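[1] got a sequence here, can you build the structure:
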Amino acid sequence: MMHRVRTVGAVVLLASCVGACGGVEDDSDLLKMGGLLVQQTGLFGGANDSVTREKAASVPYASIGMRLGSSQEAMLLLATSQGENLRWQAGTQYVINTRDGHVTFTTGFEHNLDSLQGPIADSASTPPDRGGPYHYMFDMVDMGKYGVFAVCSQHDVGAEQIEIIGIPHDTRHIVEDCKAKQLRWRFSNDYWRDAATGYVWKSVQNFRPDMDPLTLEILRPEK
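    Numbering: from 1, shown residues only. Below is the predicted model:
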């Protein structure tokens with residue numbers, strides 16, 4: 001079953017943005033973006049299944065495409081950034097935070113991720129990118145669950161060229177396998193990291209056991 005976001009008004013406006021979004025001088029430019037972000041009823045309406053290259057190019061700010069399960073794709077803009085900690089928004093109600101491509105916080109879904117810590121290496125001699133074990137800690141307030149411990153490992157599937165809004169990217173496909181005994185939750189995440197820089201261009205991530213996975217792809221990078 002696909003879990004949907006809470007109902008959002010027909011026109012979604014971003015409330016604020018800083019210079020990291022691409023040199024925004026005031027909020028008026030972002031208000032003009034509202035009709036481009038959502039020209040339909042709710043966040044996932046409209047005729048197109050994916051954000052088009054033309055639509056992504058029409059917004060001069062860093063942006064991501066996002067799907068929940070098999071939903072249509074929505075576009076979010078970068079609102080703030082502090083190092084690798086990025087906050088993507090569509091209005092004040094709908095937020096996804098990421099760090100090095102990992103989803104660390106959400107707002108606006110039926111059930112949300114309140115905090116993610118990690119990845120935290122469990123072995124000083126074998127780092128995660130060489131197959132060493134590591135863990136995450138999840139907070140899910142509505143479940144009364146804090147510090148849920150998920151033990152993970154990852155492996156490199158190999159080189160893979162992906163295409164986002166018609167633009168090819170040479171990547172390494174990384175698969176992450178995790179187990180959270182406390183919730184009897186097993187899950188796998190996929191990351192497509194740039195073959196040269198390690199930048200995460202695309203990912204499919206499980207952020208809660210009672211929600212469908214999120215698919216994120218970079219439409220316009222923040223750098």
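[2] wait, doesn't Gln154 sit right on Arg172?
    No - applying C-beta atoms under 8 Å, one finds Gln154 not in contact with Arg172, separated by 10.9 Å. (Each C-beta comes from the backbone N, C-alpha and C, glycine too.)
[3] between the two, which one's more packed in?
    Gln154 (21 against 16; other C-beta atoms under 10 Å).
[4] for that one, what is the enclosing helix or strand?
    Element membership of Gln154, judged by DSSP states H and E, is strand 145-164.
[5] direction included, what does that strand pair against?
    Each strand paired with strand 145-164, and its direction, by DSSP bridges: strand 134-140 (antiparallel), strand 167-180 (antiparallel).
[6] and the shortest one, how far out from the chain's middle?
    When you say that, I think you mean strand 134-140. With C-alpha atoms, centre = their mean, to the nearest Å as the basis, strand 134-140 stands 16 Å off its chain's centre.
[7] repeat for the longest one
    Computed by C-alpha atoms, centre = their mean, the chain-centroid distance of strand 167-180 equals 13 Å.
[8] what does stretch 71-85 give?
    Counting by C-alpha atoms, centre = their mean, stretch 71-85 comes out at 7 Å from the chain centroid.
[9] isn't Asn206 right next to Asp190, touching?
    No - at 10.1 Å, Asn206 and Asp190 do not qualify as touching, with contact defined as C-beta under 8 Å.
[10] more crowded one of these two?
    Taking other C-beta under 10 Å, Asn206 and Asp190 do not tie; Asn206 has more neighbours (18 against 15).
[11] now that one: how far from Ser81?
    Using C-beta to C-beta, to the nearest Å, one gets 24 Å for the distance from Asn206 to Ser81.
[12] repeat that for Pro221.
    11 Å.
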